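Peer 1: my questions are about this predicted structure, shown below with the sequence.
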Amino acid sequence: MMVSPGSGPIPGVPSQLPTNLFRFGEIGLWSTHAFPADFVLANGNFRLFATQLGAQGQGYVTGLSKTETNLKEPGRIPSGQAYDVYGVATQIIGASTDANGQIELQCEPFDTESTIRDLQNVVNNGILSWDFTQTTVDICPVMLAGAGGGVFGAVSQNAADVSAGAMNNGNGGIWMYRKHPVALPGNTTFAILLQFGPRTCPVQGIIDPETDEALSIAVRVVLLGYYKSVIEIG
């Protein structure tokens, strides 16, 4: 190292090299629970982030895809990583039910009276809570968890009684944990509980009044936050 004359003594050099480095970034963790037609939601407690990618669970009889979750381990933060959650969002997805009563497709619009009622049902009655094995901490009603701040959109019907347009559960911002994030250290075991009260209606939307094809719904919860991981170098 070169120093200029008169710059003072050479600063001390550590005698040991660092054994690890830290990598920081932003990340989203998400998990989805499916509710087929006629499913009773009242007084229900449903765990999200409890099923990993490719496994069956949370209302799905086939393995969860990347659309439903990005967890590689069920309900656990990987060792050597930590997350600070600064936002929680909730998305309600319209789906269809096959002849066996299972979720088939997740592409149905909320564009009829009955389907919009199912959308409002979840927004108005759903509550989110943290589940840390032996401790449960309430977060907020679904209508305050981002993307759930009410029901928005526009729907019209023509003379043939055909709907056009769609409703959704809003473009709400992030209200929770803006100033005080929730810390999830490495190896933390957690889940998100989606809870409903006794006055919640069952899933009951009708997609096609002529065929009585039934509407299913899926509820996806997204945790937005920062991650820190340790990179071992020696």
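Peer 2: Thanks, I have it. Residues are numbered from 1 along each chain as shown.
Peer 1: tell me which residues touch residue 101, please.
Peer 2: Residue 101 makes contact with 36-38, according to Cβ atoms under 8 Å, 6 or more residues apart in numbering. Glycine gets a C-beta too; all of them are placed from N, C-alpha and C.
Peer 1: and whatever helix or strand residue 32 lives in, which residues are buried?
Peer 2: Assigned by DSSP states H and E, residue 32 belongs to strand 20-35. Neighbour-count burial for strand 20-35, with 16 or more other Cβ atoms under 10 Å as criterion, is recorded at 29-35.
Peer 1: all strands of the chain, in order?
Peer 2: 20-35, 45-48, 81-97, 103-105, 126-132, 135-141, 152-157, 163-168, 182-184, 191-196, 206-208, 213-232 (DSSP state E).
Peer 1: worst mean pLDDT among the ones you listed?
Peer 2: Note on the strands of the chain: strand 206-208 shows the lowest mean pLDDT, a mean of 72.
Peer 1: relative to residue 47, which of the contacts of residue 101 is nearest.
Peer 2: residue 36 (17.1 Å; Cβ to Cβ).
Peer 1: mind listing what the closest one touches?
Peer 2: Residue 36 is in contact with 59, 97, 101-103, 203, 214, 216, counting by Cβ under 8 Å, 6+ apart.
Peer 1: how does it look with 10 Å?
Peer 2: Counting by Cβ atoms under 10 Å, 6 or more residues apart in numbering, residue 36 makes contact with 59-61, 95-98, 100-104, 203, 214-218.
Peer 1: from residue 198, how far out is it?
Peer 2: 21 Å (Cβ to Cβ, to the nearest Å).
Peer 1: and the pLDDT at the nearest residue to residue 196 once chain neighbours are set aside?
Peer 2: Nearest residue to residue 196, sequence neighbours excluded (Cβ to Cβ, 6 or more residues apart in numbering): residue 41, at 4.5 Å. Looking at residue 41, its pLDDT stands at 97.
Peer 1: again with residue 174
Peer 2: 72.
Peer 1: oh, and call the first residue 450 from now on, that's how I've got it
Peer 2: With 450 as the first residue, the last one maps to residue 623.
Peer 1: check contacts around it.
Peer 2: By Cβ under 10 Å, 6+ apart, the residues touching residue 623 are 535-538, 594-596, 673.
Peer 1: same list (those) but as JSON lines, adding neighbour count and distance to residue 583.
Peer 2: Below are the contacts of residue 623 laid out as JSON lines (neighbours: other Cβ atoms under 10 Å; distance: Cβ to Cβ, whole Å):
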{"residue": "535", "neighbour count": "18", "distance to residue 583": "25"}
{"residue": "536", "neighbour count": "18", "distance to residue 583": "25"}
{"residue": "537", "neighbour count": "26", "distance to residue 583": "21"}
{"residue": "538", "neighbour count": "20", "distance to residue 583": "26"}
{"residue": "594", "neighbour count": "27", "distance to residue 583": "24"}
{"residue": "595", "neighbour count": "23", "distance to residue 583": "28"}
{"residue": "596", "neighbour count": "21", "distance to residue 583": "30"}
{"residue": "673", "neighbour count": "20", "distance to residue 583": "26"}
